[in-house]
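Asker: Sequence first, predicted model second:
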Amino acid sequence: MKLNTLGIAHQFLAARVPEGGLCIDGTMGRGKDTAFLCQLVGPEGKVIAFDIQEEALASTDALLREKGLRERAELRLESHTEMDQCAAPGTVDAVVFNFGYLPGGDHKIFTHPDTSIQAIGKALGLLKEGGCVAACIYHGGDTGYEERDALLEYLSGIDPKRYTVIVADFRNRPGDPPIAAFILKAV
């Protein structure tokens, strides 16, 4: 396991996503999380992945085909705010987000606080009991700090009787290292 935000998120997910499960990748990007989730759910499971950029969908499609996982995924060229149109409440095992911009893509296109918070809210409604959300918050640089601050404030206000929220950052790393956030729905 890499000791970075994505590695920690993958370890968290690997411990919670069952074979045959249903997962959502709210920000498919280059497809690494989508492929990882497809491996976890196995041939009987399903992953629904969202992105607003055709470049992201094409990259993800190519990666899944290369790994022989394409049949496990439904790729949708639309906002993660539409995820509630693709799954029923209480049916999803895990939802993944990487907030920021497409790696290697146009840095002028990135996630925004209003739609990211809306997507997290929809993800919470879709989770099964015991389900989880894993979010990597990339901030600073071209995207600034507005989304990070809004997301952290939102996470602090999530109902503690229904969810446990854990936020982990790398205190001893220079610059603006990504922040990992995890949400567990109570059983």
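Answerer: Right, received. Where do you want to start? Worth saying up front: this structure is predicted, and the values here are computed from it rather than measured. Residues are numbered from 1 along each chain as shown.

Asker: Could you check how many residues crowd around the nearest residue to His10 once chain neighbours are set aside?
Answerer: Leaving aside its chain neighbours, His10 sits nearest to Phe36 (5.8 Å; criterion: Cβ to Cβ, 6 or more residues apart in numbering). To be clear about C-beta, it is placed using only N, CA and C from the backbone, and glycine gets the same treatment. Phe36 has 21 neighbours, counted by other Cβ atoms under 10 Å.

Asker: Now do Phe36 against Glu147, distance only.
Answerer: 23 Å (Cβ to Cβ, to the nearest Å).

Asker: same question, Val47
Answerer: For Val47 relative to Glu147 (Cβ to Cβ), the value is 24 Å.

Asker: Comparing these two, which residue is more hemmed in?
Answerer: Remark: of Val47 and Glu147, Val47 carries more neighbours, 28 against 22, as counted by other Cβ under 10 Å.

Asker: any idea how far Lys67 is from that one?
Answerer: 12 Å.

Asker: got it, and Ile158?
Answerer: For Ile158, the distance to Lys67 - Cβ to Cβ - is 34 Å.

Asker: ok, now which ones touch the closest residue to Gly100 other than its chain neighbours?
Answerer: Of all residues not flanking Gly100 in the chain, Tyr138 sits nearest, at 3.1 Å (Cβ to Cβ, 6+ apart). Listed by Cβ atoms under 8 Å, 6 or more residues apart in numbering, the contact partners of Tyr138 are 98-101, 178.

Asker: how about the strands of this structure, start to end?
Answerer: 22-25, 46-51, 73-77, 92-99, 127-137, 163-168, 179-185 (DSSP state E).

Asker: how distant is stretch 124-142 from the center of its chain?
Answerer: 5 Å (Cα atoms, centre = their mean, to the nearest Å).

Asker: What are the buried residues along that stretch?
Answerer: By 16 or more other Cβ atoms under 10 Å, the buried positions in stretch 124-142 come out as 124, 126-128, 131-139.

Asker: Among the residues you listed, which pair sits farthest apart?
Answerer: Maximum pairwise distance among those (Cβ to Cβ): 29.7 Å, between Lys128 and His139.

Asker: which residues sit in contact with Met83?
Answerer: 24, 26, 48, 50, 95, 119, 122-123, 126.

Asker: what do you get for Pro177?
Answerer: Pro177 neighbours (Cβ under 8 Å, 6+ apart): 5, 169-170.
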